[in-house]
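Asker: coordinates for the following, if possible.
(one chain, ligands or ions: 1)
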Amino acid sequence: MLKLSAAARQAINAHARETYPHECCGVMIGRPATGARIATEAQRCGNLNTQRAHDRFELDPKDYMRLDRQAQKRGLEIVGIYHSHPDHPAKPSQTDLNAAWEGYSYVIVSVQKGEPKDFNSFELKGTAFEQEKIENA
Ligand SMILES: [Zn+2]
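Answerer: Have a look, this model is predicted:
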């Protein structure tokens, strides 16, 4: 389960709206808890994939490293990754699955005609994604 703050959810939706019709991506920061991950904030990362930015994302590892260090200094950590699916359902693609790690929440927000709609979170279990519940943090 992912416990997500309202501020983090708003930040993800705003980012997804701004980058439409391209994909946005970023990290969620918070802390792991028993039976859940708690994400209190969302931070933007660059999308290195400019060739197919409408349906692929490649999170800039430099942004990831920087945000990871900043979170650790505050006693927090990266608990998940978010990205948008412009004009596609909020379901992981095969590419998303290939790039996923266990122990993270993967939020996907579907953006339909420029407006963020469905908002789902998934976690990797073995070799497949399972949708997880999102609650307000
Ligand atoms: Zn995707």
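
Asker: once you drop chain neighbours, what's closest to the residue in the chain positioned nearest to the ion?
Answerer: Of the chain, the residue with the smallest distance to the ion, taken as CB to the ion, is D96 at 4.1 Å. Glycine gets a C-beta too; all of them are placed from N, C-alpha and C. Once flanking residues are discounted, D96 sits nearest to Y106: 6.8 Å by CB to CB, 6 or more residues apart in numbering.

Asker: any residue of the host helix or strand of the one you found up close to the ion?
Answerer: When secondary structure is defined by DSSP states H and E, Y106 falls within strand 105-112. No: Strand 105-112 is not in contact with the ion by CB under 5 Å from the ion; minimum separation 5.8 Å.

Asker: name the residues that touch that strand?
Answerer: Outside of strand 105-112, the residues that reach it under the criterion CB atoms under 8 Å, 6 or more residues apart in numbering are 2, 4, 12-13, 16-17, 20-21, 28, 37, 39, 79-92, 96, 100, 116-124, 129, 132, 134.

Asker: that older thread, tell me what the helix or strand where the residue of the chain closest to the ion lies is packed against?
Answerer: With the criterion set as DSSP H and E, the secondary-structure element containing D96 is helix 94-98. If you count contacts as 3 or more CB pairs under 8 Å, 6 or more residues apart in numbering; DSSP states H and E, helix 94-98 packs onto strand 128-132.

Asker: still on that earlier bit, bridging residues for the residue nearest to D96?
Answerer: When bridges are called by DSSP bridges, Y106 pairs up with I81, F122.

Asker: give me the local confidence score for it.
Answerer: At Y106, the pLDDT value in this model is 97.

Asker: who's in contact with R52?
Answerer: Listed by CB under 8 Å, 6+ apart, R52 has no contact partners.

Asker: I'd say E135 and K3 touch.
Answerer: Yes: if you go by CB atoms under 8 Å, E135 and K3 touch, sitting 5.1 Å apart.

Asker: overlap of the contact sets of those two?
Answerer: Between them, E135 and K3 share these contacting residues under CB under 8 Å, 6+ apart: A36.

Asker: okay, those two: which has more neighbours?
Answerer: More neighbours surround K3 than the other of E135 and K3, with 20 against 11 (other CB atoms under 10 Å).
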